[in-house]
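S.K.: Okay, predicted coordinates and the sequence, questions at the end:
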Amino acid sequence: MLSQMPTDYDLEPFVGCELVSVLACAHHVELRFLRTPHVVDGEARTDECSLAIEDNFVFTEHGAPAVAFNNENIRFGVGLLATLIQSATVTSVATINGRGLLFAFSNGATVEVLASPDGYESYHLQTASGSITV
């Protein structure tokens, strides 16, 4: 587990992906993304990415007040995240102060994933280029 997001981890595979499922688990929420078939180096492929959030995240949609969740109430955020299923694609992913992530969606919603101030495991990313836990 890392305390900061490495600067060389490629977040670009998330961009253009559609959120296809949100899973509520006992101690985390998992978001699964899929990029529709596309051609890379002359070969057709479908990319899959995932984000497991184990601690703090903030959800904002359509100018409504931001809603914050932490590891004690994270499962209640599933309903809000599920509104993005098959309705929005990821338009950008950016690091926040080297620790957190900001996912922006085509419908204007954002999900800000925040690293634990206490140093606990906060989120896990999985792309074709590898996985990382912060």
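M.R.: Received it, and whenever you're ready, just let me know what you need. Bear in mind that the values here come from a model prediction, so they are computed numbers and not experimental data.
S.K.: What ranges does the protein have for its helices?
M.R.: Here the chain has its helices, by DSSP state H, at 78-82.
S.K.: Okay, now the unreliable bits of this protein?
M.R.: Counting by pLDDT under 70, the chain shows low-confidence ranges at 1-2.
S.K.: Quickly note the distance from the residue of it positioned farthest from its centre to residue 30.
M.R.: For the chain, the residue at maximal distance from the C-alpha centroid (Cα atoms, centre = their mean) is residue 42, at 28.4 Å. Applying Cβ to Cβ, to the nearest Å, the value for residue 42 to residue 30 is 32 Å. Quick note: C-beta positions are derived from backbone N, CA and C, even for glycine.
S.K.: Would you enumerate the residues in contact with the residue lying closest to residue 87 once chain neighbours are set aside?
M.R.: In space, and not counting its chain neighbours, residue 87 is closest to residue 107: 6.0 Å by Cβ to Cβ, 6 or more residues apart in numbering. By Cβ atoms under 8 Å, 6 or more residues apart in numbering, the residues touching residue 107 are 61-62, 84, 87-88.
S.K.: can you do 10 Å?
M.R.: Counting by Cβ atoms under 10 Å, 6 or more residues apart in numbering, residue 107 touches 61-62, 83-84, 87-89, 91.
S.K.: Same check on residue 69?
M.R.: 29, 53, 55-59, 75-78, 80-81, 114.
S.K.: Adding neighbour count and distance to residue 16, write the residues you listed out as TSV.
M.R.: Shown next, in TSV, are the contacts of residue 69 (neighbours: other Cβ atoms under 10 Å; distance: Cβ to Cβ, whole Å):
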residue	neighbour count	distance to residue 16
29	22	22
53	23	21
55	22	27
56	19	26
57	26	21
58	16	23
59	19	21
75	15	28
76	12	29
77	21	24
78	16	24
80	18	22
81	23	19
114	21	24
